[in-house]
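Asks: Give me the fold of what follows.
(one chain, ligands or ions: 1)
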Amino acid sequence: AGSVVEEPPLHVVHVAVEMAPICKVGGLGDVVTSLGRAVQDQGHQVEVILPRYDFFQASPLLGGTSYETEFDYGGTKVFVTTCMVEGLRCFFIEPRNGMFSGAVYQGNNDAGRFDFFSRAALEFLLRSGRQPDILHCHDWSTADVAKAYWTEYQSYGLWKPNVVFTIHNMDFGATKLGEAAHHSQRFTTVSPSYAFEIGGHPAIAPNAGKLWGVRNGIDIDIWDPETDIFLPRGYTPDTVVEGKAAAREELRKRVNLNGWGDKPMVGVVSRLTKQKGTHLIAHSVFRTIDRGGQFVLLGSAPDPKIQGEFDALKNSYGGQDAAFCFAYDEPLSHLIYAACDIILVPSMFEPCGLTQLIAMRYGAIPVVRQTGGLKDTVFDVDNDKSRAAWELEGSTDWVADNVDATNGFSFEGTDDGALDYALNRALDAYYNDRAWFHSLQKRVMLQDWSWNKPAHDYIELYYAALKS
Ligand code: ADP
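Replies: Okay, the predicted model is just below:
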């Protein structure tokens with residue numbers, strides 16, 4: 001890596017349809033912002049091109065938006081405005097044809113809307129004379145940038161960029177993902193294990209040699225229990241017990257849980273889709289209450305059938321020991337991470353997963369299904385000691401008696417019994433050895449899940465893309 005530092009700084013332009021906090025739907029939105037910031041912090045120039053959604057009008061963060069340019073494209077007038085968001089220069093593409101008047105994702109015509117946006121973003125770069133080193137596009141929604149750039153723009157004046165493409169979820173738009181993989185100089189997915197899992201997919205396999213797995217980080221300024229304005233009191237690894245007790249009291253009031261008793265708090269913060277293991281989430285409500293704990297869920301289901309199942313669950317279990325919040329609520333999510341002793345992530349597949357990383361930053365012990373990025377970041381206290389020492393501490397001492405970097409509980413199967421294996425051990429630890437449980441909370445808070453290391457990996461990848 002020593003030679004990398006000598007290279008000239010890069011100009012990186014992200015083209016994406018999500019960005020936290022102004023238009024975030026899931027982890028993709030978080031990555032654009034926090035990866036962008038981390039790379040910029042290393043001395044590179046980073047810009048982001050996004051659609052200009054009508055709901056931006058209501059955003060207090062975008063009050064300083066100003067006019068950049070306009071041009072005719074695709075039978076309509078396209079306006080470009082600009083604003084700083086979280087320290088990043090953003091450009092908003094606004095076609096005057098109503099394409100971005102509603103939610104980020106709308107179903108039916110999304111491919112048409114986002115293909116138009118991807119090309120309009122290239123058109124903006126061409127017309128404004130920008131020549132970034134790297135165009136970084138994300139998922140099926142801006143996959144078209146890679147192909148359109150090489151087939152329609154590279155030989156017509158926008159000559160300089162190379163393309164990097166990141167797959168945040170292989171489950172949507174495989175054909176488009178494959179095309180972008182083909183037209184990228186390097187492409188990535190968001191964890192090494194997920195890279196291994198998707199490497200054999202027919203859309204990926206022909207280009208698997210260009211695929212890197214770089215795990216996501218979290219923005220440790222946004223997720224900081226010491227300074228978090230959504231908590232009743234800040235806390236550090238040394239004050240985790242007091243800080244979490246205060247947060248628990250506040251949460252119990254906020255969501256109407258029984259306010260007394262020394263009960264472990266188990267939480268889920270998630271989109272409620274099959275991917276997230278909704279059947280196991282449902283079972284965990286039963287198991288948590290059965291074991292004398294309290295349960296809190298924050299999430300909502302895009303699919304009415306799944307929402308119906310959770311409504312029924314709320315009817316059966318909701319009350320003094322289980323709270324169900326069917327909403328998207330960023331401030332409440334902070335309070336839940338802080339208040340919970342255990343955060344559950346029982347995904348059927350998980351490209352990286354951010355919830356378990358945020359949980360650890362807040363001293364909540366992750367209980368996860370061992371898949372994708374969950375496998376790369378959560379190391380079972382009983383089963384993964386040498387793997388954790390190797391991955392997190394760089395220890396080659398496979399006995400690793402003196403290094404314990406394990407940080408959670410995991411399971412492999414997909415049935416209730418598999419989940420119970422991990423959840424019961426976590427609850428046993430809470431009940432039977434509180435001092436050890438607290439020391440585990442402190443340990444996970446001290447682990448580094450920031451973007452520091454992954455940002456270096458991306459920068460290395462960007463330089464590799466330039467040389468390919
Ligand atoms: P995915 O991108 O598949 O949804 P990730 O774990 O990568 O899953 O990212 C989820 C992010 O969204 C986390 O930051 C999590 O805290 C947040 N999140 C999920 N559901 C909600 C919700 N209902 N309210 C607030 N934040 C949520």
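Asks: just the helices in the stretch 351-468 of the chain please.
Replies: Assigned by DSSP state H, counting those that start in this stretch, the helices in the stretch 351-468 of the chain fall at 355-361, 372-377, 385-393, 416-432, 434-446, 452-467.
Asks: could the ones you listed go into JSON lines alongside distance to residue 237, mean neighbour count and mean pLDDT?
Replies: The C-beta positions use only the backbone N, C-alpha and C, and glycine is treated the same way. Formatted as JSON lines, the helices of the stretch 351-468 of the chain follow (distance: least, CB to CB, whole Å; neighbours: other CB atoms under 10 Å; pLDDT from 0 to 100):
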{"stretch": "helix 355-361", "distance to residue 237": "10", "mean neighbour count": "26", "mean pLDDT": "98"}
{"stretch": "helix 372-377", "distance to residue 237": "18", "mean neighbour count": "26", "mean pLDDT": "98"}
{"stretch": "helix 385-393", "distance to residue 237": "16", "mean neighbour count": "18", "mean pLDDT": "89"}
{"stretch": "helix 416-432", "distance to residue 237": "18", "mean neighbour count": "18", "mean pLDDT": "98"}
{"stretch": "helix 434-446", "distance to residue 237": "4", "mean neighbour count": "17", "mean pLDDT": "98"}
{"stretch": "helix 452-467", "distance to residue 237": "18", "mean neighbour count": "18", "mean pLDDT": "96"}
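Asks: Just send those back as JSON lines, with distance to the ligand too.
Replies: Listed next are the helices of the stretch 351-468 of the chain as JSON lines, based on distance: least, CB to the nearest ligand atom, whole Å:
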{"stretch": "helix 355-361", "distance to the ligand": "4"}
{"stretch": "helix 372-377", "distance to the ligand": "8"}
{"stretch": "helix 385-393", "distance to the ligand": "20"}
{"stretch": "helix 416-432", "distance to the ligand": "18"}
{"stretch": "helix 434-446", "distance to the ligand": "16"}
{"stretch": "helix 452-467", "distance to the ligand": "14"}
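Asks: how about TSV for the ones you listed, with distance to residue 71 added?
Replies: Conversion of the helices of the stretch 351-468 of the chain to TSV gives the following (distance: least, CB to CB, whole Å):
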stretch	distance to residue 71
helix 355-361	41
helix 372-377	40
helix 385-393	49
helix 416-432	54
helix 434-446	50
helix 452-467	28
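Asks: Tell me the residues of the chain that contact the ligand?
Replies: Where the chain comes near the ligand, counting by CB under 6 Å from any ligand atom, the residues are 26-27, 30, 269-271, 298-300, 328-330, 333, 352-355, 358.
Asks: And these, which of them are buried?
Replies: Buried members of those, counted by 16 or more other CB atoms under 10 Å: 26-27, 30, 269-271, 298-300, 333, 352-355, 358.
Asks: which one of these sits closest to residue 197?
Replies: residue 352 (11.8 Å; CB to CB).
Asks: show me the contacts for the closest one.
Replies: 27, 168, 190, 191, 194, 215, 216, 372, 373, 376, 377 (CB atoms under 8 Å, 6 or more residues apart in numbering).
Asks: And the closest residue in space to it that isn't next to it in sequence, how far from residue 14?
Replies: Nearest non-adjacent residue to residue 352, counting by CB to CB, 6 or more residues apart in numbering: residue 373, 3.3 Å away. Using CB to CB, to the nearest Å, one obtains 20 Å as the distance from residue 373 to residue 14.
Asks: about what we covered before: so which of the buried ones among the residues of the chain next to the ligand comes closest to residue 175?
Replies: Minimum separation from residue 175 among these (CB to CB) is found for residue 26, which lies at 21.1 Å.
Asks: I'd guessed the closest one sits against residue 271; true?
Replies: Yes. Residue 26 lies in contact with residue 271 (CB atoms under 8 Å); the separation is 6.5 Å.
Asks: For the stretch 1-150 of the chain, just list every one of the helices.
Replies: 27-41, 110-127, 144-148.
Asks: Which of the ones you listed sits closest to residue 416?
Replies: The nearest among the helices of the stretch 1-150 of the chain, by CB to CB, is helix 27-41 at 26.7 Å.
Asks: Okay, buried residues for the closest one please.
Replies: Neighbour-count burial for helix 27-41 [16+ other CB under 10 Å]: 27-40.
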